[in-house]
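1. got a sequence here, can you build the structure:
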Amino acid sequence: MDKDRNLDQRTADAEAWLDSLDPETTPAEDISDLRAIAKAVNDAAAAERHVREAVEIARVNGRSWTRIGIALASRANRPTNVMAHTSTLERDAVVR
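-> Residues are numbered from 1 along each chain as shown. Predicted coordinates for the structure are as follows:
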């Protein structure tokens, strides 16, 4: 029962703290840049799924791995390092 009472107390404390927050004096942080990253990651994952599905269809249609590889070649030659286009200072900040 102590666990239940402890949980009830923590819940009440959290609710009291949340009720004390005033949107006028507690500004929300702009996270649009982080949302853009998350969207890009989700879009990339969807694109990867699309590529896998297209490769499966090509194999079902009898395409060789050589021909599929040629179709994928332009993609394989692109830089894959997400940090490649950031400045040294930006990279150092991320590493720290």
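
2. would you tell me which helix is longest in the protein?
-> helix 32-60 (DSSP state H).

3. for that one, which helices and strands make contact with it?
-> helix 65-76 (3 or more Cβ pairs under 8 Å, 6 or more residues apart in numbering; DSSP states H and E). C-beta coordinates here come from the backbone N, C-alpha and C atoms, glycine included.

4. could you give the angle of the helix it packs on to helix 32-60?
-> 170 degrees (axes from the mean of the first three to the mean of the last three Cα atoms, to 10 degrees).

5. convert the C-alpha atoms of helix 65-76 to CSV, please.
-> This file holds the C-alpha atoms of helix 65-76, laid out as CSV (Å, rounded to 0.1, in the frame of the first residue of the first chain):
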residue,chain,number,x,y,z
TRP,A,65,21.7,-8.1,-59.3
THR,A,66,24.1,-6.4,-61.8
ARG,A,67,21.3,-4.5,-63.5
ILE,A,68,19.8,-3.6,-60.1
GLY,A,69,23.2,-2.4,-58.9
ILE,A,70,23.5,-0.2,-62.0
ALA,A,71,20.1,1.4,-61.1
LEU,A,72,21.3,1.9,-57.5
ALA,A,73,24.8,3.2,-58.6
SER,A,74,23.8,6.9,-58.5
ARG,A,75,22.6,6.5,-55.0
ALA,A,76,25.7,4.6,-53.9
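
6. quick one: buried residues of it?
-> Buried positions in helix 65-76, judged by neighbour count with 16 or more other Cβ atoms under 10 Å: none.

7. so how far is that helix off the chain centroid?
-> 26 Å (Cα atoms, centre = their mean, to the nearest Å).

8. residues touching it, excluding its own?
-> Identification of contacts with helix 65-76 by Cβ atoms under 8 Å, 6 or more residues apart in numbering yields 51, 55, 58, 59.

9. nice, that's everything, thank you.
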